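Undergrad: Structure of the sequence below:
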Amino acid sequence: MIADNKLNNLLDIDQLSKNDILYIFEFAEKLSSILNGPVKKVPVLRGKTVINYFSEPSTRTRVSFENAGKILSADVINVSSSGSSDEKGESFINTVQTLESIGADILIIRHSDSGAPYFVSRNIQIPVINAGDGSHAHPTQTLIDLYTIYKSIGEIEGLNLTILGDNIHSRVSRSAVLGFSTMGAKVTFCSPTTMNANYLSGSDVSNYPAIMYTSNLKDALSESDLIMTLRTQFERKASLVFPNINEYTRMFKLTNESLKYAPDKAKILHPGPMNLGVEIDGYVSESDRSLINQQVMNSVAIRMALLIILIGDHTLDSI
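TA: Just a heads-up that it's a prediction; the model follows:
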């Protein structure tokens, strides 16, 4: 358990047990009081250096990590592959080793290649947080989503989550199925058959509740407590796996009309950024059933908690 043995890296959500996740939630809950206070600054990580190394475009994740580090009084440095030594021919691993050598205490990495954070963690001594690697994993987003549900609804076990959209290209989806299953939720994937990926092939599926796959939106929504819509990832050639965007939107966009298939209590999630009018309508994303703004607000507290757990000297009782 994290409380007993310090976490060395966060590479994917399956490193964490249910108790680990709840411990992170406790940390985040305490830190939320700082975010809601008059002075959003505490010296918990004073003297520590946090480096965000992002080789893919990002606004939400990078700014969220940056803000988390600064609120904790860490020095935060943002590095992108554009304009870095990568463009001069330096190897990727030499770049991250250089960042470690100049004094980084933790490296937060987003990379277009699946598995890159794992490779980095084997070649440097400081902790690594995976902020999204290719179509593989996005563990901090899953923690944010779980925490948002935990605060809004309470117990996650037994809830039915429908993940709607581009599953095959989505790192969010891949981590979500592991994280929500660990917390005891049931997961249904709904998308065109060419976009439904069996993430647990090769895994010990006995560790997870039943996971369903369907291309029927009505069936998927009918028993949903939670509906997570996913962005269609055109940059990963998503358009090659369905006939055209209009056909996809007609069949799978979340609208007020399609929400009639879902129970009235069903809540809506989206990891962002949203393609409004493609996977979700704007009035749905801003409705009373939407938790999308809460996801954004909760992101800083979760990432603050992870930074303290990985490189801080404070315990839950001392915050």
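
Undergrad: Break this protein into its domains for me.
TA: With automatic domain parsing as the criterion, the domains of the chain are listed as 13-136+299-318, 139-295.

Undergrad: On the pLDDT front, check residue 33 for me.
TA: With respect to pLDDT, residue 33 scores 87.

Undergrad: for it, helix, strand, or coil?
TA: When classified by DSSP: H, G, I helix; E, B strand; the rest coil, residue 33 comes out as helix.

Undergrad: Counting neighbours, what do you get for it?
TA: Residue 33: 10 surrounding residues under other CB atoms under 10 Å. All C-beta atoms are positioned from the backbone trio N, CA, C, and that covers glycine.

Undergrad: ditto for the one 3 residues further on
TA: The burial count assigned to residue 36 is 9, neighbours taken as other CB under 10 Å.

Undergrad: what's it sitting at in phi/psi?
TA: The phi/psi pair for residue 36 (degrees, to the nearest 10) reads phi -90, psi 0.

Undergrad: Could you check how far it is from residue 60?
TA: Distance of residue 36 to residue 60, given as CB to CB, to the nearest Å: 20 Å.

Undergrad: repeat for residue 231
TA: Relative to residue 60, residue 231 is positioned 12 Å away (CB to CB).

Undergrad: Please enumerate the shared neighbours of those two.
TA: 272, 273 (CB atoms under 8 Å, 6 or more residues apart in numbering).

Undergrad: who has more neighbours, those two?
TA: With neighbours defined as other CB under 10 Å, residue 231 and residue 60 compare such that residue 231 has more, 21 against 15.

Undergrad: what's near enough to touch the more buried one?
TA: Listed by CB under 8 Å, 6+ apart, the contact set of residue 231 reads 165, 166, 170, 270, 271, 272, 273, 274, 275, 278, 279.

Undergrad: my read: the second one touches residue 189, true?
TA: No: the criterion here is CB atoms under 8 Å, and residue 166 misses it with residue 189 at 10.5 Å.

Undergrad: Quick check: which helices or strands does the longest helix seen in the chain pack against?
TA: When the chain is parsed with DSSP state H, its longest helix is helix 292-311. Contact here means 3 or more CB pairs under 8 Å, 6 or more residues apart in numbering; DSSP states H and E; on that basis helix 292-311 packs against helix 18-35, helix 60-71, strand 106-111, helix 139-152, strand 267-269.

Undergrad: any chance of these in TSV, with distance to residue 247 too?
TA: Converted to TSV, the helices and strands packed on helix 292-311 look like this (distance: least, CB to CB, whole Å):
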stretch	distance to residue 247
helix 18-35	38
helix 60-71	29
strand 106-111	31
helix 139-152	28
strand 267-269	23
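
Undergrad: ok so, going back, need the domains of the chain in TSV (columns: distance to residue 7).
TA: As requested, the domains of the chain are arranged in TSV below (distance: least, CB to CB, whole Å):
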stretch	distance to residue 7
domain 13-136+299-318	6
domain 139-295	11
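
Undergrad: By mean pLDDT, show me the worst of the ones you listed.
TA: Note on the domains of the chain: lowest mean pLDDT is at domain 139-295, with a mean of 87.

Undergrad: hang on, the earlier thing: now the common contact residues for residue 166 and residue 189.
TA: Taking CB under 8 Å, 6+ apart as the criterion, residue 166 and residue 189 both touch residue 173.
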